[in-house]
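**Student:** Predicted structure and sequence below. I'll ask about it afterward.
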Amino acid sequence: MANESGDDGGGAGGGGGGAAAAAASSVVVEVKNLRFTYPGIDGHPPPGSAPLIDGFSLALRAGDRCLLVGSNGAGKTTILKILGGKHMVDPDMVRVLGRSAFHDVALTASGDLSYLGGEWRRDIAFAGFEVAIQMDVSAEKMIYGVTGVDPQRKDELIKILDIDLSWRMHKVSDGQRRRVQICMGLLKPFKVLLLDEITVDLDVLARGNLLRYLRKECEERGAVIIYATHIFDGLDDWPSHVVYVAHGKLQLALPLEKVKEMSNLSLMRTVESWLRKEKEENRKRRKERKAMGLAEYDKSVEGSRVVGDPARSAARVMNNGWAAGRLHSTVAGEENFFFSSNSVLRQ
Ligand SMILES: Nc1ncnc2c1ncn2[C@@H]1O[C@H](COP(=O)(O)OP(=O)(O)OP(=O)(O)O)[C@@H](O)[C@H]1O
């Protein structure tokens, strides 16, 4: 991984000396000076609004497992969604496998780029088709409906997530439903996987198995994973890199060994200390503003909150020819089930 100053962070795919060219070519996810503001109802950032994400740069190489940490509202989900092609940004700002995730739909449709997160309780989307995940259908039908999948991979996922194929999706618990969602999202051998806290409902066994499986995917296949989470159980030795974001800005992007050198606390305690310091600084800043007679908080600009699908509303208003967003499934009953395995994108 390389950080914003271009230093080699020593990622799994990083080489030195004569291998520099090879190392450079193995950059899988590249974010350069990313700037993003949620569009208003006219599809453009409201005048006077400060960018939510600003000057954010990052490069991840094959095999990197990156933990994305930060306080609530720091911008983690927004960054993952941008990387997953759900929000439109300048194509030069974000390259995944050398392509623009927003503009190149094939990247997600092929399953090379996979995003797991979002409003999974309601529905699950594959290659743009949205299917209710709470309907009366068996787990088997859901999982075996995904075509073009290596049967061995499918069996392994069913085993590690301990899925009972006879489960009826409208009757299972949240954790069981989540396991099916994760299984479906991982069926195709992704090259880049974006995880937005998907383990909340998993029991410790399922979570442990999943983390081990994901690690193996990076080590053996050179996949890249970016995982945003607030849950640090079992993560002390999981990531190869830790990226800390605050107020939409990159604060730290370090290999795990460097984080360990900086602090002899557990990863959770280390991140906790970063967030505590951030909170302290915010408090100080507000105090100074107050002392200067200014409002304690930055004035928020009306109209920047987007309800629903920002990518779609932006595309609609800007009429750039891009038909972003969901294709609503016309599937009427389970007998019609047919899935591609690309996971939840552009919802
Ligand atoms: N659709 C939207 N329109 C406008 N602003 C939004 C939208 N979604 C999120 N935001 C704002 O963007 C900021 C970052 O949100 P984001 O969800 O990326 O944070 P996060 O780091 O993932 O937080 P959490 O840890 O709570 O999940 C927040 O201040 C939020 O209010």
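**Tutor:** Cool, got the structure.

**Student:** Show residues contacting the longest helix seen in the chain.
**Tutor:** In the chain, assigned by DSSP state H, the helix with the most residues is helix 267-291. Taking contacts as CB atoms under 8 Å, 6 or more residues apart in numbering, the residues outside helix 267-291 that touch it are 67, 69-71, 232, 235-236, 242, 244, 246, 251-252, 259, 262-263, 265, 295-297. Any C-beta I mention is one placed from the backbone N, CA and C, and that applies to glycine too.

**Student:** Of those residues, which count as buried by neighbour count?
**Tutor:** Among those, the ones that count as buried by 16 or more other CB atoms under 10 Å are 67, 69, 70, 71, 232, 235, 242, 244, 246, 252, 259.

**Student:** Adding secondary structure, write the residues you listed out as CSV.
**Tutor:** Converted to CSV, the buried ones among the contacts of helix 267-291 look like this (DSSP: H, G, I helix; E, B strand; the rest coil):
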residue, secondary structure
67, strand
69, strand
70, coil
71, coil
232, coil
235, coil
242, strand
244, strand
246, strand
252, strand
259, helix
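
**Student:** In terms of distance to residue 208, which of those residues ranks first?
**Tutor:** Of all these, the one with the least separation from residue 208 (CB to CB) is residue 235, at 10.7 Å.

**Student:** Considering only the buried ones among the contacts of helix 267-291, which also neighbour the ligand?
**Tutor:** Near the ligand, judged by CB under 6 Å from any ligand atom, the entries from the buried ones among the contacts of helix 267-291 are residue 70.

**Student:** Just flag the most distant two among the buried ones among the contacts of helix 267-291.
**Tutor:** The widest separation within those, taken as CB to CB, falls between 235 and 246 and amounts to 19.4 Å.

**Student:** quick one: contacts for the residue nearest to residue 203 when sequence neighbours are not counted?
**Tutor:** In space, and not counting its chain neighbours, residue 203 is closest to residue 175: 6.4 Å by CB to CB, 6 or more residues apart in numbering. When the contact criterion is CB under 8 Å, 6+ apart, the partners of residue 175 are 201, 202, 203, 206.

**Student:** Could you list the single helix or strand in the chain with the lowest mean pLDDT?
**Tutor:** strand 327-328 (a mean of 28; mean pLDDT, DSSP states H and E).

**Student:** chain center to the helix or strand harbouring residue 261: distance?
**Tutor:** For residue 261, the element it lies in under DSSP states H and E is helix 256-262. The gap between where helix 256-262 is centred and where its chain is centred comes out at 23 Å by CA atoms, centre = their mean, to the nearest Å.

**Student:** these two touch, right, residue 135 and residue 172?
**Tutor:** No - Residue 135 is beyond contact range of residue 172, at 11.8 Å (criterion: CB atoms under 8 Å).

**Student:** Can you list phi and psi of the closest residue in space to residue 167 that isn't next to it in sequence for me?
**Tutor:** In space, residue 167 comes closest to residue 139 once its chain neighbours are excluded; the distance is 4.2 Å by CB to CB, 6+ apart. When quoted as degrees, to the nearest 10, the phi and psi of residue 139 stand at phi -60, psi -40.

**Student:** So what's the residue count around residue 139?
**Tutor:** Residue 139 is flanked by 23 other residues according to other CB atoms under 10 Å.

**Student:** pLDDT at it, what is it?
**Tutor:** Among the per-residue scores, residue 139 holds a pLDDT of 92.

**Student:** so who does it touch?
**Tutor:** 163, 164, 165, 166, 167, 168, 169, 172, 180.

**Student:** does the first one sit in a helix, a strand or a coil?
**Tutor:** Per three-state DSSP, the secondary structure class of residue 163 is coil.

**Student:** Could you check the pLDDT of it?
**Tutor:** For residue 163, the model assigns a pLDDT of 95.
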